[in-house]
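1. here is my input, please return the structure:
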Amino acid sequence: MRTVIGVCYPQLEEHITNMPDLQIVDVCGHKEELVKSCYEFNPELVVLSNLLSGSISMEEVILQLISDQIIKPRIVYLYGEDDGGAKQFCQFLEQRGINEYYVGYNITSLELEKLINSAVCRESIQSVNKSKSGSKNTSGIFRGLINSRRNNNEFITTGGLAERMVISIYSAHVTGKSHTAWNLAYCLSKLNYKTSVINIDKGYSANIYYGIDEAYHGLLEYTIKNDSYDRIINSCYKRKNLNIVTGRLGNEDSISSDELSKLLYQVRAKSDITVIDTSSEISSTTISAIKSSSVDLLVFDSDLAHFHSNKQVIKHMGNDFIPEKTIAVINNSVKGSESYKYIYNQIKKMKMDFKAVLPISSCGSVSCDVMHTDKVPYQIVHSRSNGFCGDMDKLLTTLNLKQKHNISRKLL
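-> Presented below is the predicted three-dimensional model:
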């Protein structure tokens, strides 16, 4: 089947090219180029995405593709992250008989092949994203990602195109999120994953934890101002296979959800695992991080007020909260203490189907001792009889993460 590709994502283009029965006649990076290619080659299948640049609208591209001037191709459309216009655009597609589309950053090989095979067979893929109340499908928007996230083994897929892992860490209060991100990122990098930390917490404490030189403090602000997101990974602070993207130390300004989306798009494409250290509040940016993640760490501590604030967060998020991809972490805890047991029992009484409820023990004064050095607490206390390291190891096990050579390289 003659196929024209216009997705502007090398890994996806490579995967589509290697699919059997497809004859790739052109790969395009611009809307006008794609339209011209379709007039020239009369493809039977066109796979395109929202990433195509050009001066004409995507609606105009679609209208030209289905016009009588060329043989109408079968169309597969990858919308990308929902920017608020997805529903209207997908209705536009459906009204023109185009039912094979995907909304979201993450798409697996199976989901991509389903869309393409459905287009080839002229079978419409309907939505699999039903609400918890069992309501009707949502405008045919293909949401395979939402259900696949409920599979605990998703992150160790051993074949095909698997999503790159994104971990968001959030809480309604200051509960040690950045400390957890600091140690978790180190552990992931030591497991040979190319790891990136996006620190968007107010104050940007990552500068202190990692001892980042002042020369890097203005990078995030510069990137946003100059729209140079594509250079962020090459320019950010690095420690071997660990990248840290953070703002200016002490800055209380928050980045927008749109700015985070642009940042995450570039960072995750060049990382095996991305850790997002969010702000200690539930804002539109934090919600965006959660909706873009593969797994979330909802961080509690032994403070009852903080527990109730996090309960309110869950209520506020509504259907955006997916317990099956959420690990409830009781941070800075003393296992066996009355305060720890009380919070643990309160979490259990919520009757949420969390991926896990895990403690992370206090590591004492070690954190202060190693700040602004090239070490993290996990390194220092690892040889000691300390519950902190065992808890971090348990977290890695829950995430199904082992040495990178034990799993396939993640492509998307």
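2. after whichever strand or helix holds residue 182, next one along is what?
-> In this assignment (DSSP states H and E), residue 182 forms part of helix 177-190. Remark: after helix 177-190, the chain's next helix or strand is strand 195-199, criterion DSSP H and E.
3. tell me how far the following helix or strand past that next one lies from the chain's centre.
-> Counting by DSSP H and E, the next helix or strand C-terminal to strand 195-199 is helix 206-210. Relative to its chain's centre, helix 206-210 lies at 23 Å (CA atoms, centre = their mean, to the nearest Å).
4. which of the residues in helix 206-210 are buried?
-> Judged by neighbour count using 16 or more other CB atoms under 10 Å, the buried positions of helix 206-210 are 206-207, 209-210. C-beta here means a position set from N, CA and C on the backbone, and glycine is covered the same way.
5. got those residues as TSV, with distance to residue 367 columns?
-> Listed next are the buried residues of helix 206-210 as TSV, based on distance: CB to CB, whole Å:
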residue	distance to residue 367
206	14
207	15
209	8
210	13
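6. can you tell me which of the residues you listed is closest to residue 280?
-> residue 206 (13.9 Å; CB to CB).
7. any idea how far the closest one is from residue 246?
-> According to CB to CB, to the nearest Å, residue 206 and residue 246 sit 4 Å apart.
8. which residues do those two both contact?
-> Jointly contacting residue 206 and residue 246 under the rule CB atoms under 8 Å, 6 or more residues apart in numbering are 197, 199, 212.
9. measure the spatially most central residue of the chain to residue 192 for me?
-> Nearest to the geometric centre of the chain sits residue 293, at 3.4 Å (CA atoms, centre = their mean). Counting by CB to CB, the gap between residue 293 and residue 192 amounts to 22 Å.
10. domain-wise, how is the protein divided?
-> For the chain, the structural domains run 2-148, 154-406, going by automatic domain parsing.
11. out of the ones you listed, which gets the lowest mean score?
-> For the domains of the chain, the stretch scoring lowest in mean pLDDT is domain 2-148; its value is a mean of 78.
12. now do the contacts for residue 178.
-> With contact taken as CB under 8 Å, 6+ apart, residue 178 is in contact with 199, 201, 205-206, 209, 277.
13. if you skip the residues just before and after it, what's nearest to it?
-> Leaving out its chain neighbours, the residue that sits closest to residue 178 by CB to CB, 6 or more residues apart in numbering is residue 205, at 4.7 Å.
14. what's the neighbour count on the one you found?
-> 21 (other CB atoms under 10 Å).
15. wait, it touches residue 199, no?
-> Yes - here residue 205 reaches residue 199: they are 7.3 Å apart, a contact under CB atoms under 8 Å.
16. this protein: strands as residue ranges?
-> Along the chain, counting by DSSP state E, strands occupy 2-6, 23-27, 45-49, 74-80, 101-103, 165-170, 195-199, 237-239, 242-246, 273-277, 295-300, 326-333, 356-361.
17. for those, give me JSON lines that also has distance to residue 111 and mean neighbour count.
-> Listed next are these as JSON lines, based on distance: least, CB to CB, whole Å; neighbours: other CB atoms under 10 Å:
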{"stretch": "strand 2-6", "distance to residue 111": "17", "mean neighbour count": "24"}
{"stretch": "strand 23-27", "distance to residue 111": "20", "mean neighbour count": "17"}
{"stretch": "strand 45-49", "distance to residue 111": "13", "mean neighbour count": "24"}
{"stretch": "strand 74-80", "distance to residue 111": "10", "mean neighbour count": "23"}
{"stretch": "strand 101-103", "distance to residue 111": "7", "mean neighbour count": "24"}
{"stretch": "strand 165-170", "distance to residue 111": "17", "mean neighbour count": "26"}
{"stretch": "strand 195-199", "distance to residue 111": "24", "mean neighbour count": "29"}
{"stretch": "strand 237-239", "distance to residue 111": "33", "mean neighbour count": "16"}
{"stretch": "strand 242-246", "distance to residue 111": "28", "mean neighbour count": "24"}
{"stretch": "strand 273-277", "distance to residue 111": "20", "mean neighbour count": "28"}
{"stretch": "strand 295-300", "distance to residue 111": "18", "mean neighbour count": "26"}
{"stretch": "strand 326-333", "distance to residue 111": "22", "mean neighbour count": "23"}
{"stretch": "strand 356-361", "distance to residue 111": "26", "mean neighbour count": "20"}
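18. need those strands in JSON lines (columns: distance to residue 88).
-> Rendered in JSON lines, the data for those read as follows (distance: least, CB to CB, whole Å):
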{"stretch": "strand 2-6", "distance to residue 88": "21"}
{"stretch": "strand 23-27", "distance to residue 88": "28"}
{"stretch": "strand 45-49", "distance to residue 88": "17"}
{"stretch": "strand 74-80", "distance to residue 88": "11"}
{"stretch": "strand 101-103", "distance to residue 88": "12"}
{"stretch": "strand 165-170", "distance to residue 88": "26"}
{"stretch": "strand 195-199", "distance to residue 88": "29"}
{"stretch": "strand 237-239", "distance to residue 88": "40"}
{"stretch": "strand 242-246", "distance to residue 88": "32"}
{"stretch": "strand 273-277", "distance to residue 88": "28"}
{"stretch": "strand 295-300", "distance to residue 88": "28"}
{"stretch": "strand 326-333", "distance to residue 88": "30"}
{"stretch": "strand 356-361", "distance to residue 88": "38"}
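19. find the nearest non-adjacent residue to residue 170, please.
-> residue 278 (4.4 Å).
20. dihedrals phi and psi, the one you found?
-> With angles defined as degrees, to the nearest 10, residue 278 sits at phi -90, psi 170.
21. shouldn't it be in contact with residue 168?
-> Yes - between residue 278 and residue 168 a contact is recorded at 6.1 Å, counting by CB under 8 Å.
22. any residues in contact with both of those two?
-> Jointly contacting residue 278 and residue 168 under the rule CB under 8 Å, 6+ apart are 286, 289.
23. that older thread, quick one: the residue nearest to residue 170 from residue 299, how far?
-> The value you get for residue 278 to residue 299, if CB to CB is used, is 10 Å.
24. many thanks, I have nothing further to ask.
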